[in-house]
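Asks: Pasting the sequence and the predicted model now:
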Amino acid sequence: MLMSSSDEPAKLRYEPASFRVLRPGKHVICAISGDLIPLEDLRYWSAEHQEAYASAEIATRRLLGEA
């Protein structure tokens, strides 16, 4: 199956309080769960690890080294 460019994840540069879009897309992928996160719903990420997280619980577990 062919994917259109809109189906591909965005590439972001995660900063401490924001992110910068390096390659357009409608979503990113949670680094832990693999869930798709629409950009408008993206609230949790790590600038240090350059990863996105689907929820506060997942982000906390990752940052505590439990994930």
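Replies: All right, it came through fine.
Asks: Thr60 and Ile37, how far apart?
Replies: Here the criterion is CB to CB, to the nearest Å. By it, Thr60 lies 16 Å from Ile37. Yep, even glycine has a C-beta here, placed from its N, CA and C like the rest.
Asks: Same drill for these two, tell me which one is more crowded.
Replies: Ile37 (22 against 13; other CB atoms under 10 Å).
Asks: Mind telling me what element the more buried one is part of?
Replies: Element membership of Ile37, judged by DSSP states H and E, is strand 36-38.
Asks: ok, residues contacting that strand?
Replies: 9, 26-30, 52, 54 (CB atoms under 8 Å, 6 or more residues apart in numbering).
Asks: if you set the cut-off to 10 Å instead, what comes out?
Replies: 7, 9-10, 25-30, 43-45, 52-55 (CB atoms under 10 Å, 6 or more residues apart in numbering).
Asks: Show me where the protein dips below the pLDDT cut-off.
Replies: Scanning the chain with the threshold set as pLDDT under 70 gives 1-6.
Asks: What residues are bridge-paired with the spatially most central residue of it?
Replies: Compute the mean C-alpha point of the chain, and by CA atoms, centre = their mean the closest residue is Ala52, 2.7 Å away. When assigned by DSSP bridges, Ala52 has beta-bridge partners Cys30, Trp45.
Asks: and it, what is it in contact with?
Replies: Listed by CB under 10 Å, 6+ apart, the contact set of Ala52 reads 9-10, 12, 14, 19, 27-32, 35, 37, 39, 42-46, 58-59.
Asks: how near is it to Cys30?
Replies: Separation of Ala52 from Cys30 (CB to CB): 6 Å.
Asks: Overlap in contacts, those two.
Replies: In terms of CB under 10 Å, 6+ apart, Ala52 and Cys30 are both contacted by the residues 37, 42, 44-45, 58-59.
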